[in-house]
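Colleague: This is a predicted model, with the sequence first.
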Amino acid sequence: MLTWLVATPPAVAQELDELREMATAGDPGAQAVLGSILYRGDGVARDPAAAFAWLERAAQQGEPSAQRGLAVLYYNGEGTAQHLVEALKWALIASARGDAEAVRHRDFLRDRLAPFQVREAERLAAAWSPRLE
């Protein structure tokens with residue numbers, strides 16, 4: 001099998017190494033940024049599964065941008081199985097924490113889910129609390 005790889009410039013590689021160290025140490029902001037980079041493939045191979053893992057760690061610690069990111073990944077089924085209730089749960093949590101883009105995601109998802117799914121997502125969101133690493 002042949003693959004075509006784009007070399008990451010040394011400065012970007014060093015920044016990514018530092019970011020990865022911070023993320024591994026439990027910094028939710030670094031985890032969210034790393035997840036976003038891996039999702040988009042900015043200077044690295046695009047890896048939705050790894051993006052999901054980093055975003056989930058950050059989201060569980062209360063990082064709103066990561067929570068919004070999880071909503072998108074759950075909705076699209078990227079890096080994880082599609083799960084619409086989980087998508088709405090994370091959009092609800094992020095919007096309650098002040099993420100303006102998550103408000104649009106929340107409203108979009110509410111319009112597409114059955115009432116029982118919305119109630120379940122609301123129940124899960126209300127029961128959620130941050131966990132520090």
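Modeller: Thanks, I have the structure now.

Colleague: for the protein, which spans come out with low pLDDT?
Modeller: 1-14 (pLDDT under 70).

Colleague: mind listing the strands for it?
Modeller: With DSSP state E as the criterion, the chain has no strands.

Colleague: That one: helices as residue ranges?
Modeller: 10-24, 28-40, 48-60, 64-76, 84-96, 100-112, 115-127 (DSSP state H).

Colleague: what does the third one contact?
Modeller: Outside helix 48-60, the residues within contact range by CB atoms under 8 Å, 6 or more residues apart in numbering are 23, 26, 28-29, 31-32, 34-36, 38-39, 65-67, 69-70, 73, 78-80, 90, 93, 130-131, 133. (C-beta placed from N, C-alpha, C; glycine too.)

Colleague: any idea how far residue 126 is from the closest residue in space to residue 39 that isn't next to it in sequence?
Modeller: Excluding its sequence neighbours, the residue lying closest to residue 39 (CB to CB, 6 or more residues apart in numbering) is residue 51, at 3.7 Å. Distance of residue 51 to residue 126, given as CB to CB, to the nearest Å: 27 Å.

Colleague: Among those two, which residue is more densely surrounded?
Modeller: When residue 51 and residue 126 are compared for neighbours, residue 51 comes out ahead with 25 against 12, by other CB atoms under 10 Å.

Colleague: Let me see the contact set for residue 63.
Modeller: Contacts of residue 63 (CB under 8 Å, 6+ apart): 28-29, 31-32.

Colleague: quick one, phi psi at it?
Modeller: Reported as degrees, to the nearest 10, the phi and psi values for residue 63 are phi -80, psi 110.

Colleague: Type out the PyMOL command that picks the buried ones from the contacts of helix 48-60.
Modeller: Of the contacts of helix 48-60, the buried ones go into a single PyMOL selection, burial set by 16 or more other CB atoms under 10 Å:
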select buried, resi 23+28+31+32+34+35+36+38+39+65+66+67+69+70+73+79+80+90+93
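
Colleague: on that earlier part again, closest one to residue 61 out of the contacts of residue 63, please.
Modeller: When the contacts of residue 63 are compared for distance to residue 61 (CB to CB), residue 28 wins out at 4.0 Å.
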